[in-house]
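**Q** Provided below are the primary sequence and the corresponding predicted coordinates.
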Amino acid sequence: MKASVEQTVVERVEDGDKKEKKSRRRSSRRSKQNNSIAEAACSSVNECQGDVGLPLPKKSPSSVKCLLSKSQRLGTHPSVEQESVKALHVSFNSMPTMHISNDADQEQVQGVANFHLLASDTGGRTFSKSCPEPVACKGSSETSSSKDLCPYQTLTCDQSKSFPSHWSVEVVNEALAKGDVFRALFHVNAHNRLEAYCKIDGVQTDILINGVAAQNRAVEGDIVAIKIDPLSCWTRMKGSSGSSNNSAMTEDGNVFQEINEISGDSSRPQLEIYSELDCTGNPIVSGNDYGDLTTSGKSASSSWQNEPEDAIGKISFLISSHPSKRPTGKVVSIIVRSSRRDTVVGFLNVKQWLTFKEGSKKQLKRNKNSSFISEHEFVQLTPTDARFPRMMVLGNDLPEGIRKRLNESDITVEMELVAARIEDWYEESLFPYARVLHVFGRGGEMQPHIDAILFQNSINCSEFSPESISCLPCVPWNVPPLEFRHRKDLRNKCIFTIDPCTATDLDDALSIDMLSADTYRVGVHIADLSYFVQPDTTLDLEAQIRSTTVYMLQRKISMLPPLLSENLGSLNPGVDRLAFSIFWDISSSGNVMDRWIGRTVICSCCKLSYEQAQDIIDGIVDQGTVIGSESGLPEMHGNFEWSDVITSIRDLNVVARILKENRFKDGGLALENSEISYSFDEAGIPYESMLCQRKDSNFLVEEFMLLANRTAAEVIARAFPDTALLRRHPEPNMRKLREFEVFCSKHGLPLDTSSSGQFRKSLEQIRETLKDDSVMFDILISYATKPMQVATYFCTGDLKINEDDWGHYALALPLYTHFTAPLRRYPDIVVHRMLAAAIEAEEMYWKNSTRNQGDVVTRCFTGIPFDKEATDSREGREALSAAALKHGIPCRELLSDAAAYCNERNLASRHVKDAIDKLYMWVLLKKKQILIAEARVLGLGPRFMTLYIPTLAIERRIYYDEVEGLYVEWLETTSTLVLSLFAYKSSVRKGSLNKFRALEYAALVVSSCDQEVDLGGSAVGAYDSGATEVKNLDIPRLSSRSSEVGPMVFPMTVRLLSTIPVALHAVGGDDGPIDIGVRLYMSTYLR
């Protein structure tokens, strides 16, 4: 069976240099070109003996730091690395969105060769102090003196550029206006940095940017200008008709071809991927250049006559006309540089550098004035984020403390986590230049990693300024008498909060009254932070900069000072607090018949946890148990009894269930994933983990918060149609959604994704089909979330032309915003101000309007009926304008910038949470040393398998190719893998830079004769990412779960969706980035 192999944009060419074609055995999957270049790299290893610091010209690159406005900070992680451009002709059966990559493994194999090529590329040139946008450079004839050169490396002075020049701002603007290029956000595949994807607003499918040359020095989060390739260069969409459902893998070693290609080897023809250049090095832009797109479209179908005129419409039309094709493109310029360039975290690779320097000590002793590390030499920096490329750090760009330790040959420098920033990335260099800023601490300790995560995501951890604190009233504080005149007094109403048991910032409270046998009046009461956080104050500015509270399991970094978030503004029980309240009259069928919105004063009667509320819902706690002295319930305040609260919670649960059912009928979608929770010891170290599911009490609160947010969105969108802050959720990524559909269909699980409602119904049917296989359903839900795009804040004026883009896909709502969490989200404060302005404008309008017929104010702006006549009238416009000015509603431009910045900070906060969760999991496994668990096979092929581990709700890979003593047999026709043990000798793969990996890297093998004895022997090892030996384990620390899962035996037969035992362990720490490693758990008589 032939495999489906994706096309590459870069042309594959034959190597013309026959002199370097030695008689080395290579895999049949290697190209001739890669063979010759790999041999060149191998010979450089014999000379250089590893990755070393190569001397560079005396002038270092200028320190250029791109200061971005808050509207420009849109991204998170950079990355570019050498490209592998040729795919293996093998099949790979996989779950959707599994991108098969070799770059992670290749990086270690190619490190020395890459820096060899780098040395010959950079040697003999003096870099000028350039601006952030490099222009075409012909190179310099100036060379370094011979004493600065490595004795084992001959450097030339005339070198070609490694990358094309970026287009100038003028040319880019002209091309954008003509539709020749498109503005897009650049994202890198975390599993394969050679693949990047660009999302163009208005285009339903992302654009593949494949390879180093096409990425042209862009990093994760950059806003770039991209040029779409001709249709003939587009690759086949994975899972499309006409091809197998298998994914093609990339061949090891083809990275050398890409390095040679982008280094400008004149002996090889290259594909012309850019337009003709003018005398300044910029491309000559002349109309749309989509190659054969127009021609093929006209000849293929008469429907071309309906082609849209605009560029976005044309691309969308072409993509929909060729659903089996994935559009590709190339980066021609970087419009806005990602702020993640300034927050790089990594390790310095100094071992081999020190090895080389040991040989130079004699020369240093002769020259007593010479330092051990020269400012013109570099040390390699390996980022912890796989999406970053390796970087060069010059000697004078290292902190004095590190330079001193290197001068003392302190090898422990490699164990330190360091902070760095990318200074520049010249078109002559394959690698970016970086500067080390400071040291966090040892990589094997938890706190340095926490500090690094916060730095990596630009989280402000500093104390609040005295100026910000001075904006708050002194304590003790009471509600001013003036506020009672302008607010509704609700202190005699049974109002309570339901939050996590550890919560200290209480944003929301609930109440309910039964008006009749079939009508409820439900109230949601939100802390009124707009009273305390006034526009344009120091406190407002600091809250906007922080934008969101960051949660880290055992710690949080507040958006607002604790005095406000945990005291003055928090809806604590037993004290008077200011609130924004919304009341709905809801029928027994879930219809909202009327509503009221206004500012209030409340006094919460009690603080309930989710667990306590769930006990009331389940009937564990009722009026009978409350009478007992030890009910476990919190203190009750005010003139209320527990019977009032119990009745209220049960009534709220009834209404919430009806609202949820109606929301799903209207097309709402819910994708519930299990979450990991940890138990901590007194020192704050996790010692156990468990999976947690949300319960009815969580959904109760959620349903009313959704209704409140929806109501607030309707009000502000009608009152301020050009300057409302809303939240939108676009439709799913079509490519990933199609892949998910293909997988489900292949396994007999019909899936309809025509709408969010049909998607949910299909998943409910699949849940019923898989009722006896909950793990499989969890896997499907996990993969169903992958096509989902990120919800974002936006200013309505930015999308005024197409209001269909305002909607929220998952909630199936036309309008949505955030209103219910002002203590921890800045956008909610802005929405509070907009609501306050709408309420005040409503009062002003009826006071001055000729339609006023009495003292009762008709809710023309905040009520359910929308009085368009009132908003369009002169009095209405004047009232809304005056109220907006009074309450500090920003103009469209400022609100757009604030929305973009809040989106970036919200994403950073989520990355922090995910990284902290992974860190705690790593610490837990480090303490246990090994955790035996079952895993489900999601992806399977001849090189590696992808697994889902239900115990920890994570996905991991096991690589079994090139493992000593392991024989791999891949049966393509049946998509079956057979792994066997055989007698072997330590060997080196010919044509490769690395030895075969030890068996312990892929499998934890125990003896079938006596597993207990052999568990303590040499057959069991803990993976160490930087060592060549395998450490013995302290077996008594195996998890208690280990006894429940037994090993498999060799030979091992594996198929897609098989359940297999695995051994989990902590990877990295002092010797590299942390990760959760996984190996097969096997038993054999041969050991």
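**A** Arrived safely. Nothing here was measured: the structure is a model prediction, and the numbers come from that model. Numbers count the residues shown, from 1 in each chain.
**Q** could you show me where the helices are in the stretch 701-850 of the chain, in order?
**A** 734-746, 756-769, 774-784, 826-848 (DSSP state H, counting those that start in this stretch).
**Q** Which one of these lies nearest to L563?
**A** Closest approach to L563 among the helices of the stretch 701-850 of the chain is made by helix 826-848 (16.4 Å; Cβ to Cβ). Just so you know, the C-beta spots here come from the backbone N, C-alpha and C atoms, and that holds for glycine as well.
**Q** what is the mean pLDDT for that closest one?
**A** In this model, helix 826-848 has an average pLDDT of 93.
**Q** What lies in contact with the next helix or strand after that helix?
**A** Beyond helix 826-848 on the C-terminal side, the first helix or strand identified by DSSP states H and E is helix 868-872. Helix 868-872 has contacts (Cβ atoms under 8 Å, 6 or more residues apart in numbering) with 718-719, 845, 849, 851, 860-861, 876-877, 880.
**Q** deepest of the helices of the stretch 701-850 of the chain, which one?
**A** Across the helices of the stretch 701-850 of the chain, averaging neighbours per residue (mean count of other Cβ atoms under 10 Å) puts helix 826-848 on top, at a mean of 24.
**Q** If you count neighbours, what's buried in the helix ranked longest in the chain?
**A** Longest helix of the chain, by residue count under DSSP state H: helix 892-928. When burial is assessed from 16 or more other Cβ atoms under 10 Å, helix 892-928 yields the following buried residues: 895-913, 915-926, 928.
**Q** so what's the spatially most central residue of the chain closest to, chain neighbours aside?
**A** For the chain, H911 is the residue whose C-alpha lies nearest the centre (Cα atoms, centre = their mean; 6.0 Å). Excluding the flanking residues, the one nearest H911 by Cβ to Cβ, 6 or more residues apart in numbering is N457, at 5.3 Å.
**Q** isn't the one you found right next to A908, touching?
**A** Yes - N457 is within contact range of A908, at 4.1 Å (criterion: Cβ atoms under 8 Å).
**Q** and the helices of the stretch 701-850 of the chain as CSV, adding distance to R390?
**A** Listed next are the helices of the stretch 701-850 of the chain as CSV, based on distance: least, Cβ to Cβ, whole Å:
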stretch, distance to R390
helix 734-746, 29
helix 756-769, 41
helix 774-784, 31
helix 826-848, 37
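**Q** Out of those helices, the one nearest L815 is which?
**A** Of all the helices of the stretch 701-850 of the chain, helix 826-848 sits nearest to L815, with 12.0 Å by Cβ to Cβ.
**Q** chain center to that closest one: distance?
**A** Its chain's C-alpha centre and that of helix 826-848 lie 36 Å apart, by Cα atoms, centre = their mean, to the nearest Å.
**Q** mind starting the numbering at 21 from now?
**A** Got it, the first residue is 21 from now on, which makes the last one we talked about helix 846-868.
**Q** got the CA positions of that helix in PDB?
**A** Provided in PDB are the C-alpha atoms of helix 846-868 (Å, rounded to 0.1, in the frame of the first residue of the first chain):
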ATOM      1  CA  TYR A 846     -10.500  43.400  33.700                       C
ATOM      2  CA  PRO A 847     -12.900  43.100  30.700                       C
ATOM      3  CA  ASP A 848     -15.700  42.600  33.300                       C
ATOM      4  CA  ILE A 849     -14.900  45.900  34.900                       C
ATOM      5  CA  VAL A 850     -15.200  47.600  31.500                       C
ATOM      6  CA  VAL A 851     -18.600  45.900  30.900                       C
ATOM      7  CA  HIS A 852     -19.800  47.100  34.400                       C
ATOM      8  CA  ARG A 853     -19.000  50.600  33.300                       C
ATOM      9  CA  MET A 854     -21.000  50.100  30.100                       C
ATOM     10  CA  LEU A 855     -24.000  48.700  32.000                       C
ATOM     11  CA  ALA A 856     -23.800  51.600  34.500                       C
ATOM     12  CA  ALA A 857     -23.800  54.100  31.600                       C
ATOM     13  CA  ALA A 858     -26.800  52.400  29.900                       C
ATOM     14  CA  ILE A 859     -28.800  52.400  33.100                       C
ATOM     15  CA  GLU A 860     -28.000  56.100  33.700                       C
ATOM     16  CA  ALA A 861     -28.700  57.000  30.100                       C
ATOM     17  CA  GLU A 862     -32.000  55.300  30.400                       C
ATOM     18  CA  GLU A 863     -32.900  57.500  33.400                       C
ATOM     19  CA  MET A 864     -31.600  60.700  31.600                       C
ATOM     20  CA  TYR A 865     -33.600  59.900  28.500                       C
ATOM     21  CA  TRP A 866     -36.900  59.500  30.300                       C
ATOM     22  CA  LYS A 867     -36.300  62.600  32.400                       C
ATOM     23  CA  ASN A 868     -35.800  64.700  29.300                       C
END
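**Q** Output the contacting helices and strands for it.
**A** helix 558-566, strand 596-607, strand 612-623, helix 716-739, strand 745-748, helix 894-906, helix 912-948 (3 or more Cβ pairs under 8 Å, 6 or more residues apart in numbering; DSSP states H and E).
**Q** So for the fifth one, what gets flagged as buried?
**A** Read it as strand 745-748. Residues of strand 745-748 classed as buried by neighbour count (16+ other Cβ under 10 Å): 745-748.
**Q** I'd like to know how far D1095 sits from D848.
**A** 36 Å (Cβ to Cβ, to the nearest Å).
**Q** actually A439, not the one I typed
**A** Counting by Cβ to Cβ, the gap from A439 to D848 is 32 Å.
**Q** again with E215
**A** With Cβ to Cβ as the criterion, E215 and D848 are 37 Å apart.
**Q** cool, and D635?
**A** Applying Cβ to Cβ, the value for D635 to D848 is 30 Å.
**Q** any chance of the helices and strands packed on helix 846-868 in a markdown table, with mean pLDDT and distance to P500 too?
**A** Below are those laid out as a markdown table (pLDDT from 0 to 100; distance: least, Cβ to Cβ, whole Å):
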| stretch | mean pLDDT | distance to P500 |
| --- | --- | --- |
| helix 558-566 | 96 | 18 |
| strand 596-607 | 97 | 10 |
| strand 612-623 | 96 | 10 |
| helix 716-739 | 96 | 25 |
| strand 745-748 | 97 | 28 |
| helix 894-906 | 93 | 19 |
| helix 912-948 | 94 | 29 |
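**Q** Of all those, which one is nearest L653?
**A** The minimum distance between L653 and the helices and strands packed on helix 846-868 falls on helix 716-739, with 14.0 Å, by Cβ to Cβ.
**Q** contacting residues for G1097?
**A** Per Cβ under 8 Å, 6+ apart, neighbours of G1097: 976, 1043, 1084-1087.
**Q** and if you look at L598?
**A** By Cβ under 8 Å, 6+ apart, the contact list for L598 reads 499, 503, 507, 547-548, 551, 589, 619-621.
**Q** Also D538?
**A** 607-608.
**Q** still on that earlier bit, with respect to F460, which of the buried residues of strand 745-748 is nearest?
**A** Out of the buried residues of strand 745-748, the member with the shortest distance to F460 (by Cβ to Cβ) is R747, at 34.8 Å.
**Q** can you tell me how far the closest one sits from R930?
**A** The spacing between R747 and R930, counted by Cβ to Cβ, is 15 Å.
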